[in-house]
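**Q** next come a sequence and a model predicted from it.
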Amino acid sequence: MDEVLVGQRAVPKTLLDLSENDYQLYLKDDRWRVYDVRIEGVSFVSTYRTEFSSALIIRVANALHG
């Protein structure tokens, strides 16, 4: 398994179902922890942020108009 280390973060390269996936990790208390999963180039964190941001904008707009 190849990995890229940047400071206390690592991105190991893995293969799953014939597609390349990335798991972005950070080191805390001498343990590696996953903070993002990228499947076929799509980041779970980025997708979640986009969805959360859209929902928040709708709620604020509704509150201002309501």
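**A** Nice, thanks for sending it over.
**Q** neighbours around L25, how many?
**A** Using other CB atoms under 10 Å, L25 is surrounded by 19 other residues. Placement of C-beta: from N, CA and C, glycine included.
**Q** okay, and the beta partners of it?
**A** Bridge pairing for L25 (DSSP bridges) gives the partners A10, V34.
**Q** let me see the contact set for it.
**A** The neighbours of L25, taking CB atoms under 8 Å, 6 or more residues apart in numbering as the test, are 9-12, 32-35.
**Q** change it to 7 Å
**A** 9-10, 32-35 (CB atoms under 7 Å, 6 or more residues apart in numbering).
**Q** can you redo those residues as TSV with neighbour count, pLDDT and distance to L25?
**A** Below are the contacts of L25 laid out as TSV (neighbours: other CB atoms under 10 Å; pLDDT from 0 to 100; distance: CB to CB, whole Å):
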residue	neighbour count	pLDDT	distance to L25
R9	13	80	6
A10	15	79	5
W32	13	86	5
R33	10	88	6
V34	10	85	6
Y35	12	86	7
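**Q** closest to A63 among these?
**A** Y35 (31.0 Å; CB to CB).
**Q** please report how far that closest one lies from V60.
**A** 27 Å (CB to CB, to the nearest Å).
**Q** shaky segments in this structure?
**A** Filtered on pLDDT under 70, the chain yields the residue ranges 1, 14-20, 66.
**Q** which stretches of it form strands?
**A** Counting by DSSP state E, the chain has strands at residues 3-6, 9-16, 19-28, 31-39, 42-43.
**Q** what residues sit buried inside the third one?
**A** Right, strand 19-28. 21-25 (16 or more other CB atoms under 10 Å).
**Q** check contacts around the residue nearest to S46 when sequence neighbours are not counted.
**A** Leaving out its chain neighbours, the residue that sits closest to S46 by CB to CB, 6 or more residues apart in numbering is D36, at 8.0 Å. Counting by CB under 7 Å, 6+ apart, D36 touches 24, 43-45.
**Q** got JSON lines for those, with distance to L64 too?
**A** Shown next, in JSON lines, are these (distance: CB to CB, whole Å):
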{"residue": "Q24", "distance to L64": "36"}
{"residue": "S43", "distance to L64": "31"}
{"residue": "F44", "distance to L64": "31"}
{"residue": "V45", "distance to L64": "28"}
